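J.: any chance you can model this:
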Amino acid sequence: MTEDSLAPFADQKYLNLESYRKSGEPVRTPVWFAQDGRVLYTYSRADAGKVKRIRNNPRIRMAPCDVRGRLNGDWVDAEARIEDRAGAEHGHGLLDRKYGLVKKLGDAFSRMMKRQRVVISIRV
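T.: Reported below is the predicted structural model:
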């Protein structure tokens, strides 16, 4: 992965994550993300469809987008991975810094609702 492949994501708030069903059908989801060098991090409920799809097939595509998923750039092929506890803590820290109070409020709500979450790392 080169830094150039991540340049389109530099000042973006969302990326459109395209994961694949077992049938090969693509499913697109706009998500928050944070960058650390050559790795992007996002998070999701542990029981979300995108998490199940990534567990079955780590190959994804991503593109910068707006909150509704409208693309702001080209698709980039990448690989996603569900992070372990240390990776999840690191990813949440990056996301907390980027999204601030809004993310922290969402975290509090998730804890209150006892929702399990996972952090997903993405590498081109």
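J.: what's the helix or strand residue 97 falls within packed up against?
T.: Using DSSP states H and E, residue 97 falls within helix 85-112. On a contact count with 3 or more CB pairs under 8 Å, 6 or more residues apart in numbering; DSSP states H and E, helix 85-112 meets strand 26-32, strand 34-36, strand 39-45, strand 117-123. Heads up, the C-betas are built off the backbone N, CA and C, glycines and all.
J.: nearest to residue 84, of the ones you listed?
T.: Closest to residue 84 of those is strand 117-123 (CB to CB; 9.1 Å).
J.: sheet partners, orientation included, of the closest one?
T.: Its sheet considered, strand 117-123 pairs with strand 39-45 (antiparallel), strand 76-82 (antiparallel) by DSSP bridges.
J.: among the ones you listed, which is the most enclosed?
T.: strand 39-45 (a mean of 21; mean count of other CB atoms under 10 Å).
J.: roughly how far is the next helix or strand after that one from the heart of the chain?
T.: The helix or strand immediately downstream of strand 39-45 is helix 49-56, counting by DSSP H and E. Between the centre of helix 49-56 and the centre of its host chain there is 12 Å, according to CA atoms, centre = their mean, to the nearest Å.
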